[in-house]
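**Student:** coords below, sequence missing:
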């Protein structure tokens, strides 16, 4: 059995049937090639291996200091691969079936305050209105202002933002139809500030050579849209100018702020899950730590036992 061809068939299935993105497919390929290389050292191959050899290479990851998340991701890849082999009749067993996943301790997201977000947005807006900027500087400032407003108003993933088609913001819509991971679609509302920033950006964008681009944020690159690294770099520079630690700012941190601030103001967790495009509510639950004080206060104020205690 040809391993390379088998991996290609597996990746084709993951793309066609499960909507795996290009980056996810590349990660699967790396994981499988890593496993095959490790198993070769033990005198076997990925296709022929058994449970004992799989256990050993997974244990070696822990010994080598890999994070629990990396271990879990590779185990997940192997499980899906062996399930594919079994379903296709290429193996009559699944050696990964009863392997235990490493314990993962959820990393609490970095949180920035509403005041810090306001400072960031205010400075981005101020820069977009500066009269002393060159045409190139003005365009860059207008683009960043629009990006900041969009990120905070919608909680978009950076990949969703940079690849956003310009057509979906034409006509000043109140909602955006976003295609996220696994090609799943969701509706996200736009704030008034975000709509106004988009309107002004489109006015400027459409007067330039970028007007023919299909992307909201075009770039003269192979992809045709602004690189996520460029957005991250410009955000950090803006943060420094706004008096915020640059290490605490990234597009993903603003996504965290969107979710956390919604919850702090009483949004339902499942609504936030839908807005973020999380397929599993457990992913959204990492944000609930920001509600601990609010929930404790709510119980103390409104629970019948608490009321009785105050009366006594």
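**Tutor:** Cool, the structure landed. In this text, all values refer to a predicted model and were calculated from it rather than measured experimentally.
**Student:** And this structure, what are its domain boundaries?
**Tutor:** Structural domains annotated on the chain: 3-87, 114-295, as defined by automatic domain parsing.
**Student:** could I get these as CSV with distance to residue 99?
**Tutor:** Quick note: C-beta positions are derived from backbone N, CA and C, even for glycine. Listed next are the domains of the chain as CSV, based on distance: least, CB to CB, whole Å:
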stretch, distance to residue 99
domain 3-87, 6
domain 114-295, 21
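**Student:** Mind putting those domains into JSON lines with mean neighbour count and mean pLDDT?
**Tutor:** Shown next, in JSON lines, are the domains of the chain (neighbours: other CB atoms under 10 Å; pLDDT from 0 to 100):
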{"stretch": "domain 3-87", "mean neighbour count": "15", "mean pLDDT": "89"}
{"stretch": "domain 114-295", "mean neighbour count": "16", "mean pLDDT": "90"}
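**Student:** So which of those is nearest residue 304?
**Tutor:** domain 114-295 (16.4 Å; CB to CB).
**Student:** What are the boundaries of the strands in the protein?
**Tutor:** 175-179, 185-189 (DSSP state E).
**Student:** what's in contact with the last one?
**Tutor:** Read that as strand 185-189. The contact list for strand 185-189, computed with CB atoms under 8 Å, 6 or more residues apart in numbering, reads 153-156, 174-180, 274-275, 277.
**Student:** ok, those vs residue 245, which is closest?
**Tutor:** residue 155 (21.7 Å).
**Student:** Pretty sure the closest one sits against residue 263.
**Tutor:** No - taking contacts as CB atoms under 8 Å, residue 155 lies outside contact range of residue 263: 11.5 Å.
**Student:** Between the two, which contacts overlap?
**Tutor:** Overlap of the contact sets of residue 155 and residue 263 (by CB under 8 Å, 6+ apart) is empty.
**Student:** Nearest the middle, which residue of this structure would you pick?
**Tutor:** residue 157 (4.6 Å; CA atoms, centre = their mean).
**Student:** Next, the contact list for that one, please.
**Tutor:** 180, 181, 251, 252, 255, 277.
**Student:** Pick out the most distant pair among those.
**Tutor:** 181 and 251 (15.5 Å).
**Student:** can you put the contacts of strand 185-189 in TSV and add distance to residue 17?
**Tutor:** Listed next are the contacts of strand 185-189 as TSV, based on distance: CB to CB, whole Å:
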residue	distance to residue 17
153	34
154	29
155	28
156	26
174	34
175	29
176	27
177	23
178	22
179	17
180	18
274	24
275	27
277	20
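**Student:** What is the nearest of those residues to residue 207?
**Tutor:** residue 176 (23.3 Å).
**Student:** I'd assumed residue 169 was in contact with the closest one.
**Tutor:** Yes - counting by CB under 8 Å, residue 169 is a contact partner of residue 176 at 7.0 Å.
**Student:** if we can go back for a sec, identify whichever of the strands of the chain lies nearest to residue 117.
**Tutor:** strand 185-189 (17.2 Å).
**Student:** Can you check what angle separates the closest one from strand 175-179?
**Tutor:** 150 degrees (axes from the mean of the first three to the mean of the last three CA atoms, to 10 degrees).
**Student:** Pull up the pairing partners for strand 185-189, direction included.
**Tutor:** Counting by DSSP bridges, the strands paired with strand 185-189 are strand 175-179 (antiparallel).
**Student:** now what about the strand it pairs with, what contacts it?
**Tutor:** 154, 156, 160, 164, 168-169, 185-190, 277.
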